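Participant: just the structure for this:
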Amino acid sequence: MPVTRMPRVPPHKMSGPVSSEDPRWLGFLEAQPEATPFHHPAWSRALAQTYRFRPLVFLQTGASGAVVAGMPLLEVPGPMRRSRLMSLPFTDSCPPLATDVGGLRELTGNLLRWRREARAGQLIVHGALAPQPDVRVVTRAVRHVLPLAASGDEVLGRLKGSPLPRAIRKAQREGVEATVSQAHEDLELFYRLHLQTRRRLGVPVQPRRFLERIWTHLIDQGLGFLVLATYQSQPIAAALFLAWNGNVIYKFGASDRRHWELRPNNLVMWTAIDWACRRGYRQLDFGRSELDNEGLRDFKRRWGAMELPLRYSYVAARPPRSTSPVTKRALAALIQTSPPAVCRALGELLYGRVMSFA
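Facilitator: Here you go, the predicted model:
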């Protein structure tokens, strides 16, 4: 007697692109230890509202209907009316998430198929997709991840022979005070230092409205914090961190160079580490460092952070070109020798429009 064969159920059913506010996405993220604040819908919301990009999430569901893989995307205007898909601009690392290797492979294949059917342009992912003939994975930079402990003192205890504990004690001895804040009124203090720092480095400052969106959608919602260092009641250094799901990300840092000898930046970082340790966070991501910035890489390694490659995935004829060194030098000279308004104006002009600044 012939056996009736049941139709084979695919191991993963594609749900496809959905709203970034789909509750299934946040529910999936909360069960993934690798999910960071950059995966959270609030980060996509801040980017989308600042630069008028369209946010979405590409979901992979299993046979039961539960999400098994996914990634946030922003639809960014591109040339010839073909939108780019990015995960995500202005974001150091945002790899796709999956419960297993098979789920990531299925997600990658279905994502590429959907892109072709939608006739979208470039697909840029700030993370590694599964190997596919159309996917080019390139190491663009490095990041540094610090495993946390029960307290900041325990983290410092690992750093035998490091100058960092001495620098922190010096800042405290000299009267520098560092406090953790989520108060909206401290945004103005941070922005002043941030503008000063970006101008000193010769790079455009992000639009103020971007920081305001970060504050509204993340800081005010308990998804981040500011550490502010003051000396004789004057702000001299600050850093903005995003924090969620056991992961803390160092996003922006700023300082007044006239007070560097007081070591405020070391105290700011240690204060953030201690705050995160005491609240049970697992790790701190120091963010992206360019491959040729050995000084910054060394500073982050001194904290005991592990250096990891930042691999980005491109589905395009070729990866987008970085800004040329000649252009960078000319831009830096213009910013450094011009009033602060030029630094602000260039940020408004370039961020969100020129993809090498994303």
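Participant: now Ile273: how far from Leu284?
Facilitator: Distance from Ile273 to Leu284, counting by C-beta to C-beta, to the nearest Å: 6 Å. Glycine gets a C-beta too; all of them are placed from N, C-alpha and C.
Participant: and what of Thr323?
Facilitator: 29 Å.
Participant: which of the two has more neighbours?
Facilitator: Leu284 (25 against 12; other C-beta atoms under 10 Å).
Participant: give the contact list for Leu148.
Facilitator: Neighbour list for Leu148: 155, 248, 273, 276-277, 281-284 [criterion: C-beta atoms under 8 Å, 6 or more residues apart in numbering].
Participant: list phi and psi for it.
Facilitator: phi -90, psi 180 (degrees, to the nearest 10).
Participant: which residue, other than its chain neighbours, is closest to it?
Facilitator: Cys277 (4.9 Å; C-beta to C-beta, 6 or more residues apart in numbering).
Participant: right, and that neighbour touches Leu156 too?
Facilitator: No. Applying C-beta atoms under 8 Å as the test, Cys277 and Leu156 come out as separate, 10.5 Å apart.
Participant: can you work out which residues contact both of Ile273 and Leu284?
Facilitator: Common neighbours of Ile273 and Leu284 (C-beta under 8 Å, 6+ apart) are 146, 148.
Participant: mind listing the helices for this protein?
Facilitator: In the chain, the helices defined using DSSP state H lie at 23-30, 41-51, 101-118, 152-157, 164-173, 186-201, 208-214, 264-278, 294-302, 325-336, 340-350.
Participant: mind giving me TSV with those and columns for mean pLDDT?
Facilitator: Listed next are these as TSV, based on pLDDT from 0 to 100:
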stretch	mean pLDDT
helix 23-30	96
helix 41-51	97
helix 101-118	91
helix 152-157	90
helix 164-173	96
helix 186-201	96
helix 208-214	97
helix 264-278	97
helix 294-302	93
helix 325-336	91
helix 340-350	93
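Participant: just the buried residues out of the contacts of Leu148, in ChimeraX syntax.
Facilitator: Selection of buried members from the contacts of Leu148 for ChimeraX, criterion 16 or more other C-beta atoms under 10 Å:
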select :155,248,273,276,277,281,283,284
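Participant: from Tyr281, how far out is the residue lying closest to Trp43 once chain neighbours are set aside?
Facilitator: Nearest non-adjacent residue to Trp43, counting by C-beta to C-beta, 6+ apart: Pro37, 5.9 Å away. Using C-beta to C-beta, we find Pro37 at a distance of 11 Å from Tyr281.
Participant: tell me, what's touching these two both at once?
Facilitator: In contact with both Pro37 and Tyr281: 243, 247, using C-beta under 8 Å, 6+ apart.
Participant: tell me how this structure divides into domains.
Facilitator: What the record gives for the chain is the domain set 12-140, 149-281, from automatic domain parsing.
Participant: do you know how far Leu346 is from Ser322?
Facilitator: 17 Å.
Participant: likewise Ala141?
Facilitator: 10 Å.
Participant: ditto for Thr50
Facilitator: Distance from Thr50 to Ser322, by C-beta to C-beta: 22 Å.
Participant: which residue of these two possesses the greater neighbour count?
Facilitator: Thr50 (21 against 11).
Participant: pretty sure that one sits against Pro207.
Facilitator: Yes. Counting by C-beta under 8 Å, Thr50 touches Pro207, with 6.6 Å between them.
Participant: ok, Leu228 - contacts?
Facilitator: 178-179, 181, 186, 189-190, 235, 237-238, 268.
Participant: again, only using 10 Å
Facilitator: Applying C-beta atoms under 10 Å, 6 or more residues apart in numbering, we find Leu228 in contact with 177-181, 183, 186, 189-190, 193, 235-240, 254, 264, 268, 271.
Participant: drop anything exposed from these.
Facilitator: 178, 181, 186, 189-190, 193, 235-240, 254, 264, 268, 271.
Participant: just to revisit the earlier point, can you give me the distance of the residue nearest to Trp43 to Leu242?
Facilitator: Distance from Pro37 to Leu242, by C-beta to C-beta: 4 Å.
Participant: list residues touching both of the two?
Facilitator: 43, 218, 223-224, 248-249, 251, 285.
Participant: in strands, which of those residues fall?
Facilitator: 224, 248-249, 251, 285 (DSSP state E).
Participant: which of those ranks first by neighbour count?
Facilitator: Val248 (28 neighbours).
Participant: off-centre distance for stretch 332-346?
Facilitator: Distance of stretch 332-346 from its chain centroid, counting by C-alpha atoms, centre = their mean, to the nearest Å, is 25 Å.
Participant: quick revisit: can you lay out the domains of the chain as CSV showing distance to Leu308?
Facilitator: Converted to CSV, the domains of the chain look like this (distance: least, C-beta to C-beta, whole Å):
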stretch, distance to Leu308
domain 12-140, 9
domain 149-281, 14
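Participant: neighbouring contacts of stretch 346-354?
Facilitator: By C-beta under 10 Å, 6+ apart, the list of residues contacting stretch 346-354 reads 47, 50-53, 76-77, 89-90, 195, 198, 203-210, 323, 331, 334-335, 338, 356-358.
Participant: any weak-confidence spans in the stretch 1-150 of the chain?
Facilitator: By pLDDT under 70, the weakly predicted segments of the stretch 1-150 of the chain are 1-14, 79-81.
Participant: what sits up against stretch 182-193?
Facilitator: 179, 181, 194, 205-206, 208, 211-212, 214-216, 218-230, 234-240, 252-256, 340.
Participant: dump that stretch to PDB, restricted to CA.
Facilitator: The C-alpha trace of stretch 182-193 is given here as PDB (Å, rounded to 0.1, in the frame of the first residue of the first chain):
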ATOM      1  CA  GLN A 182      20.100  61.400  31.600                       C
ATOM      2  CA  ALA A 183      18.800  65.000  32.000                       C
ATOM      3  CA  HIS A 184      17.700  66.600  28.800                       C
ATOM      4  CA  GLU A 185      19.200  69.900  29.900                       C
ATOM      5  CA  ASP A 186      22.700  68.400  29.800                       C
ATOM      6  CA  LEU A 187      22.400  68.000  26.000                       C
ATOM      7  CA  GLU A 188      23.400  71.600  25.500                       C
ATOM      8  CA  LEU A 189      26.600  71.100  27.600                       C
ATOM      9  CA  PHE A 190      27.500  68.000  25.600                       C
ATOM     10  CA  TYR A 191      26.800  69.700  22.300                       C
ATOM     11  CA  ARG A 192      29.200  72.600  23.000                       C
ATOM     12  CA  LEU A 193      32.000  70.200  23.800                       C
END
